[in-house]
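1. give the three-dimensional model of this entry:
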Amino acid sequence: MTATHEPRFAASGKWVGASVKRKEDPRLLTGRGRFVDDVHLPRMLHAQFVRSTVASGTVTSLDLSAVLDVPGVVAAFSAEDLDLADITAVLDRPASEFVPTAMPVLARDRVRYVGEPLAIVIAEDPYAVEDGLEAAKVMYDADTPVVSDEQALSPGAPLVHADAAANTLLDVSMFATEGIDDIFATAAHVVRVRAKTGRQNALPLETRGAVVNWDDRDGQLIVQTCTQVPHQVRTVMARCLGRDERTVRVLVPDMGGGFGQKCVVGREEIAVAAASLRLDRPVKWIEDRKDALAASFLAREQRYDARAAFDADGNILGLDVDIVCDMGAYSCYPFTAGIEPLMASAEMPSVYRVPAYRVRARAITTNKAPTAPYRGVSRPQYVMVMERLFERAARELRLDAVEVRRRNVITQFPYTGINNVTYDPGSYLEALNLCERIVIDEGWYERKAALAADGRILGIGYSCFSERTGYGSDAFAKRKMTVVPGYDISEIRMDTSGSVVVTTGTMSHGQSHETTMAQIVADELALELDKVKIVQGDTDRITYGWGSFASRSITIGGSAVGLAATKLGDKLIAVAAHLLDTRPDNLELDRGGVRQLDDHTRRLSYEDIADVAYLKAHLLPKDADPGLAATASFDVAGDGTFSNATHGVVVELHPGTGRVEILRYVCVEDCGVAINPQIVEGQARGGIAQGIAGALFEEVTYDAQGEPSCASFIDYKIPTASEMPDISVHHLETPCAFTRSGAKGAGEGGTIGAPAAVLNAVNDGLRDTGIELDNTPITPEAVHRALRSRG
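-> I've put the predicted structure just below:
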């Protein structure tokens, strides 16, 4: 058998920009990956949760005595038994703007959504646990639940939290441009869009889970869990348990997706940790799919009432928006219930030159599972609303919709918008023009006209948008978070064989950090790729990290990794200069060593230098410390960096069923320098698939009693490969000026643009009906009704 290897160096001499194979793939594709459920420890027990069966009510009785009689059950604990501190996420805002919610690890006397955990049952095997759950007896005094934002805001509505008046957790009004009412009163044309988006589940392939055990030797609680934010889990877990953080070590093995659902701190893993400590035995909890669908963190349920003023030529004059986000029963940690409304209100103007702006944004609490960030975080929703406003204005002004976008898109950079956000250089107009040109050149407009003669209905739609990435401390501080994410820290260490181990505070859940981070380091140090080992997901080995979300991994984490490698390179050159008796500026890093610029025959390998640094330290310069290691941190000042894209979609509407079939999908994206173009393309395709899911298929609905509709995939419709269209991804490159590699984020753009593009394409197909759809998911019933209205 002949082994195949990567080329010693990328063909260009640079690793960054090369589509090298993923370092993770050999183990993941051959079944050698290690996920949380693959962890098996001696004497390990299994846990599941007794969950509320009512959406709102007082717990009048919780009887776990019969649970302990079930064969194989070892213990059952309620909130009273474990006595854990609550999880509370806070914004530094006045009470008139923000109301915090204390989320108990286990509900005590009151439940606020179906699926809320009340007790933890621990047994010898997973089957006995399920039997134990059935033996639990819970009595409720049920109340009328609040199951929609309209109900929540209605006069006299029941309160989900007694101290949250009008069921409002956040209420902010921002950017009220002086004279905006006069702008709307005198504008040649005003359009309005009222839109609502369905509640969704991020649906990572691997559900949440944890294995927890006490290590006597190190005096530590070892928590193996699938989280995007291991240090935040450690911090909150230690506080809830009343322990020093050093006694909690969080380890993240391979992770099967997260998409934001796992970038907040959950309740269950803390209860599992408490149970493990009580029983002095390892305890495993793996969330089953039913609980994952109904009771895990959800997202996306938003309602917009938006107006835009235009002049007769289609130039936007003003934007006035009211945003209501249904955030469920509690604030998520650390982002709070403000995560969606604050994102939407701050970035609503998108890629357009909006001269006047006013927005009110509210987070509403209801008797539903809490909301967490989900890939894109409000941007799929507000981009959809902005794009619908431009489409409607173009239609009513009898102008071409793409041309109206051209007249309004930002073209001069840096650009500081009416929202006080500064946009760094991008290719907004170029992406729009190229996307339209591809659709034209492929003949879709001609095909649409030709097929219309045969009674077939095609529609063509676009969305133009930016993706803010690399949120640093400044950007998060603007939200007035009391926990302010932003920076990342990296440590690098070279051993005597010339290999390096590099830590990153980011946390891969499918984005290929082991590959892309290694490419950055290999370029900085002129190393072979297999000489670089990336370490993540270990709170003992990594100083502190904010994990992965908001497309921050390469922009911030990659920059920290690159800076640490540069510092190590400087140390290698300093030691080599001493050993070669030459100046540092007469040396360069070259293919696993340091060579002299004026005499290439004089060269030291990294092994030579490391041998001195570790084993012959007496030969080092007098001011040099033994060893070869460096630490660096990186943060983004200001507003971050913006990737951008335009998506173009061709759909066919089937009159008999109302089915929407996507025939073609074109994505033109600009994420700055692509570290690994193949991985970027995979991110775009995966994101588009999730965006299409939100546009056409997925929605968690509730009945009047607050019971969720999604007990299984029979009820919660997700797209399969057969529903995915032909997708082409085209790359533009506008390097970022302040990230180390010139990269911008690429993780969320596919999801952001898809709902708007699909919705616009559907409405283009419905043009002759006089009906426009503004809500997602777009149901076959809605399309069928619209098509029937043609008569």
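
2. looking at it, residue 206 is touching residue 253, isn't it?
-> No: Residue 206 lies out of contact with residue 253 (Cβ atoms under 8 Å); the separation is 10.1 Å. Placement of C-beta: from N, CA and C, glycine included.

3. shared neighbours of those two, anything?
-> Jointly contacting residue 206 and residue 253 under the rule Cβ atoms under 8 Å, 6 or more residues apart in numbering are 35, 36, 226.

4. can you give me the strands for the stretch 51-200 of the chain?
-> 57-63, 73-78, 87-88, 102-103, 110-111, 117-123, 137-142, 168-174, 189-197 (DSSP state E, counting those that start in this stretch).

5. looking only at pLDDT, what's the mean for the third one?
-> Strand 87-88 shows a mean pLDDT of 98.

6. do stretch 485-492 as well
-> Mean pLDDT, stretch 485-492: 97.

7. got the CA coordinates for the lengthiest helix in the chain in PDB?
-> Longest helix in the chain, counting residues (DSSP state H): helix 559-580. Below are the C-alpha coordinates for helix 559-580, written out as PDB (Å, rounded to 0.1, in the frame of the first residue of the first chain):
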ATOM      1  CA  SER A 559      -4.200  36.600  14.100                       C
ATOM      2  CA  ALA A 560      -3.100  35.600  17.600                       C
ATOM      3  CA  VAL A 561      -1.700  32.400  16.300                       C
ATOM      4  CA  GLY A 562       0.200  34.200  13.600                       C
ATOM      5  CA  LEU A 563       1.600  36.800  16.100                       C
ATOM      6  CA  ALA A 564       2.800  34.100  18.400                       C
ATOM      7  CA  ALA A 565       4.600  32.300  15.500                       C
ATOM      8  CA  THR A 566       6.200  35.600  14.500                       C
ATOM      9  CA  LYS A 567       7.500  36.100  18.000                       C
ATOM     10  CA  LEU A 568       8.900  32.600  18.000                       C
ATOM     11  CA  GLY A 569      10.500  33.300  14.600                       C
ATOM     12  CA  ASP A 570      12.200  36.400  16.000                       C
ATOM     13  CA  LYS A 571      13.600  34.300  18.900                       C
ATOM     14  CA  LEU A 572      14.900  31.700  16.400                       C
ATOM     15  CA  ILE A 573      16.600  34.400  14.400                       C
ATOM     16  CA  ALA A 574      18.100  36.000  17.600                       C
ATOM     17  CA  VAL A 575      19.600  32.700  18.700                       C
ATOM     18  CA  ALA A 576      20.800  31.800  15.200                       C
ATOM     19  CA  ALA A 577      22.500  35.300  14.900                       C
ATOM     20  CA  HIS A 578      24.500  34.600  18.000                       C
ATOM     21  CA  LEU A 579      25.500  31.100  16.900                       C
ATOM     22  CA  LEU A 580      26.400  32.200  13.300                       C
END
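
8. next SSE after it?
-> strand 587-589 (DSSP states H and E).

9. contacts for that next one?
-> Contacts for strand 587-589 (Cβ under 8 Å, 6+ apart): 525, 526, 569, 572, 573, 576, 577, 580, 594, 595, 596, 597.

10. distance to residue 716 and mean neighbour count added to the strands of the stretch 51-200 of the chain, as TSV?
-> As requested, those are exported to TSV (distance: least, Cβ to Cβ, whole Å; neighbours: other Cβ atoms under 10 Å):
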stretch	distance to residue 716	mean neighbour count
strand 57-63	25	15
strand 73-78	30	21
strand 87-88	26	20
strand 102-103	24	16
strand 110-111	22	22
strand 117-123	21	25
strand 137-142	25	14
strand 168-174	26	20
strand 189-197	16	19
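
11. tally up the residues packed near the closest residue in space to residue 788 that isn't next to it in sequence, please.
-> Among residues not flanking residue 788 along the chain, residue 655 sits closest, at 7.9 Å (Cβ to Cβ, 6 or more residues apart in numbering). As a burial measure, residue 655 scores 14 neighbours (other Cβ atoms under 10 Å).

12. okay, strands next: where are they in the stretch 451-600 of the chain?
-> 457-469, 488-494, 500-503, 532-535, 587-589, 593-596, 599-605.

13. pipe the ones you listed into CSV and attach distance to residue 78 and mean neighbour count per row.
-> Listed next are the strands of the stretch 451-600 of the chain as CSV, based on distance: least, Cβ to Cβ, whole Å; neighbours: other Cβ under 10 Å:
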stretch, distance to residue 78, mean neighbour count
strand 457-469, 43, 26
strand 488-494, 39, 25
strand 500-503, 40, 23
strand 532-535, 39, 20
strand 587-589, 60, 20
strand 593-596, 63, 21
strand 599-605, 63, 14
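
14. as CSV, those strands with distance to residue 234 would be great.
-> Shown next, in CSV, are those (distance: least, Cβ to Cβ, whole Å):
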stretch, distance to residue 234
strand 457-469, 26
strand 488-494, 15
strand 500-503, 15
strand 532-535, 16
strand 587-589, 36
strand 593-596, 39
strand 599-605, 39
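
15. to residue 259, which of those lies closest?
-> Between residue 259 and those, the tightest spacing by Cβ to Cβ is seen for strand 457-469, at 14.8 Å.

16. can you list the strands that that closest one pairs with?
-> strand 641-653 (antiparallel) (DSSP bridges).

17. just checking, which helix or strand succeeds the partner strand along the chain?
-> Assignment by DSSP H and E places the next element after strand 641-653 at strand 660-670.

18. can you select the buried ones among the contacts of strand 587-589 for me in PyMOL?
-> Buried members of the contacts of strand 587-589, defined by 16 or more other Cβ atoms under 10 Å, are picked up in PyMOL with:
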select buried, resi 525+526+569+572+573+576+577+580+594+595+596
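
19. between the contacts of strand 587-589, which sits nearest residue 633?
-> Ranked by distance to residue 633 (Cβ to Cβ), the contacts of strand 587-589 are led by residue 569 at 17.2 Å.

20. return the per-residue confidence for the closest one.
-> Confidence at residue 569, expressed as pLDDT, is 98.

21. also residue 637?
-> 88.

22. and the closest residue to it other than its chain neighbours, what does it touch?
-> Leaving aside its chain neighbours, residue 637 sits nearest to residue 474 (5.7 Å; criterion: Cβ to Cβ, 6+ apart). Taking Cβ under 8 Å, 6+ apart, we find residue 474 in contact with 486, 636, 637, 638, 639.

23. distance check, the residue of the chain positioned farthest from its centre against residue 602.
-> Residue farthest from the centre of the chain, counting by Cα atoms, centre = their mean, is residue 581 at 50.8 Å. Residue 581 sits 10 Å away from residue 602, going by Cβ to Cβ, to the nearest Å.

24. so where do the helices sit in the stretch 201-350 of the chain?
-> For the stretch 201-350 of the chain, the helices defined by DSSP state H, counting those that start in this stretch cover 230-241, 268-279, 289-294, 339-347.

25. swap that for the stretch 651-791 of the chain, sorry
-> Going by DSSP H, counting those that start in this stretch, the stretch 651-791 of the chain shows helices at 677-696, 749-765, 780-788.

26. and the first one, what's buried?
-> Meaning helix 677-696. 677, 679-696.

27. same thing with the shortest one?
-> Within helix 780-788, the residues that count as buried by 16+ other Cβ under 10 Å are 782, 783, 784, 786, 787.

28. on that earlier part again, retrieve the pLDDT associated with the residue nearest to residue 788.
-> Taking residue 655 on its own, its pLDDT is 96.

29. give the contact list for it.
-> Counted by Cβ under 8 Å, 6+ apart, residue 655 has contacts 455, 457, 784, 787, 788.

30. the second one reaches residue 763, doesn't it?
-> Meaning residue 457. No: using Cβ under 8 Å as the test, residue 457 is too far from residue 763 to be in contact (11.9 Å).

31. for the residue nearest to residue 53 when sequence neighbours are not counted, grab the count of nearby residues.
-> Spatially, and ignoring its direct neighbours in sequence, residue 53 is nearest to residue 114 (6.5 Å; Cβ to Cβ, 6+ apart). By the criterion of other Cβ under 10 Å, residue 114 has 22 neighbours.
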